[in-house]
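Q: Need the 3D shape of this:
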Amino acid sequence: MKTPLILACLAGLGLIGFGTIRQTQATAVQTSGSDLPMELVVTSIYDFKKTVNKIQEATGENGFSVLHVHSVSDILSGHGFEREPITIVEICNARIADTILKEDIRVAVQIPCPVVIYQEGAQVKVMTYNPRLLQEHYPSPKMPLVAEEATATLENILGSVTK
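A: Presented below is the predicted three-dimensional model:
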């Protein structure tokens, strides 16, 4: 019964989309109808709390800012819904955001970048959307370069919890 509510909340936050599902290395990855995965996902080598802290540190080290941290599990718990930990760290790079907003204001629904840290059994996972999809959904001359830069930076941030 909790799953539909959580999916509805995450869909409302724009954290999940409803596209096709394909199998990659035993992990279902949601796609947008393209060959690109909709999400970038890694497994952390740290516990949940340290993973959240490392992501925030790596955000600053990579030229992004932490705008807000939401403990979704605490919010849901306050409404009587218990679940394993999930925290959303909203991050942004002002220069990248300004560039993509000048290209297409509709991109505003994709910012700030949500980095989701969640517990899945004994593992801690870190996930964000794949910025490469911006060039498919909002085509413009500068979008491919900006999307690649954002993707590379987000991969560095996520990678900080895998080494």
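
Q: Please give the number of neighbouring residues around residue 80.
A: 6 (other CB atoms under 10 Å). Where C-beta positions appear, they are placed from N, C-alpha and C, glycine not excepted.

Q: pretty sure residue 161 contacts residue 126?
A: Yes. At 5.8 Å, residue 161 counts as touching residue 126 under the criterion of CB atoms under 8 Å.

Q: who touches both of these two?
A: Common contacts of residue 161 and residue 126 (CB atoms under 8 Å, 6 or more residues apart in numbering): 42, 44, 51, 55.

Q: For the closest residue to the third one other than its chain neighbours, give me its contacts.
A: Using CB to CB, 6 or more residues apart in numbering and skipping the chain neighbours, the partner closest in space to residue 51 is residue 44 (4.2 Å). By CB under 8 Å, 6+ apart, the residues touching residue 44 are 51, 54, 117, 123, 124, 125, 126, 161, 162.

Q: for this protein, which spans come out with low pLDDT?
A: The chain contains residues with pLDDT under 70 at 1-33.

Q: if we can go back for a sec, quick one, which of residue 161 and residue 126 is more surrounded?
A: Ranked by neighbour count (other CB under 10 Å), residue 161 and residue 126 place residue 126 first, with 26 against 22.

Q: what's the more buried one in contact with, if anything?
A: Contacts of residue 126 (CB under 8 Å, 6+ apart): 41, 42, 43, 44, 51, 55, 115, 116, 117, 158, 161.

Q: On the three-state scheme, it is what?
A: Using DSSP: H, G, I helix; E, B strand; the rest coil, the structure places residue 126 in strand.

Q: Now do the residue nearest the centre of the chain against residue 158, distance only.
A: Geometric centre of the chain, nearest residue: residue 128, 1.7 Å, by CA atoms, centre = their mean. Using CB to CB, to the nearest Å, residue 128 is found at 7 Å from residue 158.
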